[in-house]
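Chemist: Got a predicted structure here, sequence first:
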Amino acid sequence: MTKPAYKRVLLKLSGEALMGDDAYGINRATIERMVADVAEVAKLGVELAIVIGGGNIFRGVAPGAQGMDRATADYMGMLATVMNSLALADAMRQVGITARVMSAISIEQVVEPYVRPKALQYLEEDKIVIFAAGTGNPFFTTDTAAALRGSEIGAEIVLKATKVDGVYSADPNKDPTATRYSHITFDEAITKHLQVMDATAFALCRDQKLPIKVFSIIKPGALRRVILGEDEGTLVHV
Ligand code: UDP
């Protein structure tokens, strides 16, 4: 079976996923592997939009931002996502995939601004759209940007790529009895105090009835299985 389960998806990649085993920044082999995963699913015919974080370069609440004005630190974090977005788009270009970066903050010499109809047009043209600079607002996260842009473009699902292969009953790194949920409702996730996305992102997806799939970006073939609708990771649904 090679028919995608979705027509249009929003993939959220954390900035940290780009680091590989490095302490910070972008690991070449890691970004190339990520792009290969994306190339594989793009071939299946799914329309793909991506939001990438910036935690591998700068995080507004990190020790490095201590003493800084929070909004200023957050703008730095958003600029970090622009760097990651450019790196990702260029790594795609190198393997023949057309991607367009659109930024929530105007830096027009570097990247085109986010304009919703233009983003929709690119997706219809089967170009991959990378949304940079998060929501464009301090005090938010790229998870919230993923929920927001996912809602705006009418994505059927937000795919949250993490280092863990789903949502567990407890932290699998600390508790060996922790079990993975294959699916769970938004309400169950709240009552069980399970961390799926940050609270703002989670609330937006819940309000918009936009399902979230949490899956591993490290596990080979996981993205493909998710796109094909197979039992991979954890589906959070209404
Ligand atoms: N950020 C922000 N507003 C947004 C998105 C991101 O202020 O809409 C800032 C914030 O400082 C955050 C940083 O950018 O810490 C990097 O984003 P995030 O932590 O979501 O990246 P990830 O954890 O996915 O690498």
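Modeler: It's in. None of the values given here were measured: they were computed from a predicted structure. Numbering: from 1, shown residues only.

Chemist: now check whichever helix in the chain runs longest, is it near the ligand?
Modeler: Taking DSSP state H as the criterion, the chain has its longest helix at helix 70-94. Yes. Under the criterion of CB under 6 Å from any ligand atom, the ligand is reached by helix 70-94 at 73-74, 77-78, 80-81. For glycine as for every other residue, the C-beta is placed from the backbone atoms N, C-alpha and C.

Chemist: any chance of those residues in a markdown table, with neighbour count, distance to A17 and pLDDT too?
Modeler: Putting the residues of helix 70-94 next to the ligand into a markdown table (neighbours: other CB atoms under 10 Å; distance: CB to CB, whole Å; pLDDT from 0 to 100) gives the following:
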| residue | neighbour count | distance to A17 | pLDDT |
| --- | --- | --- | --- |
| A73 | 20 | 21 | 97 |
| D74 | 22 | 20 | 97 |
| G77 | 26 | 16 | 97 |
| M78 | 25 | 18 | 98 |
| A80 | 24 | 14 | 98 |
| T81 | 28 | 13 | 98 |
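
Chemist: Show the subsequent helix or strand relative to the helix or strand hosting R100.
Modeler: In this structure, R100 is located in strand 99-103 according to DSSP states H and E. Next in sequence after strand 99-103, counting helices and strands by DSSP H and E, comes strand 112-113.

Chemist: can you list the residues that contact that following strand?
Modeler: Under the contact criterion CB atoms under 8 Å, 6 or more residues apart in numbering, strand 112-113 has outside partners 100-103, 106, 118.

Chemist: The helix or strand just after it versus strand 99-103: what angle between them?
Modeler: Following strand 112-113 in sequence order, the next helix or strand is helix 116-124 (DSSP H and E). Counting by axes from the mean of the first three to the mean of the last three CA atoms, to 10 degrees, helix 116-124 lies at 160 degrees to strand 99-103.

Chemist: Could you list every helix and strand in contact with helix 116-124?
Modeler: strand 47-52, strand 99-103, strand 128-132, helix 142-152 (3 or more CB pairs under 8 Å, 6 or more residues apart in numbering; DSSP states H and E).

Chemist: try 6 Å this time
Modeler: Judged by 3 or more CB pairs under 6 Å, 6 or more residues apart in numbering; DSSP states H and E, helix 116-124 is in contact with strand 128-132.

Chemist: what lines up beside the strand it packs on in the sheet?
Modeler: Note on strand 128-132: by DSSP bridges, its sheet partners are strand 47-52 (parallel), strand 99-103 (parallel).

Chemist: ranking these by burial, who's on top?
Modeler: strand 47-52 (a mean of 28; mean count of other CB atoms under 10 Å).

Chemist: starting at the chain centroid, how far to it?
Modeler: Here strand 47-52 shows a centroid-to-chain-centroid distance of 7 Å under the convention CA atoms, centre = their mean, to the nearest Å.

Chemist: For that strand, the averaged confidence score.
Modeler: On average, the pLDDT along strand 47-52 is 98.

Chemist: That strand vs the ligand: in contact?
Modeler: No. Strand 47-52 lies out of reach of the ligand by CB under 6 Å from any ligand atom, never closer than 7.2 Å.

Chemist: Residues of this structure that sit close to the ligand?
Modeler: 14-16, 53-55, 59-61, 73-74, 77-78, 80-81, 134-135, 137-138, 140-145.

Chemist: Drop anything exposed from those.
Modeler: With burial judged by 16 or more other CB atoms under 10 Å, the buried subset of the residues of the chain next to the ligand is 14-16, 53-55, 59-60, 73-74, 77-78, 80-81, 134-135, 137-138, 140-145.
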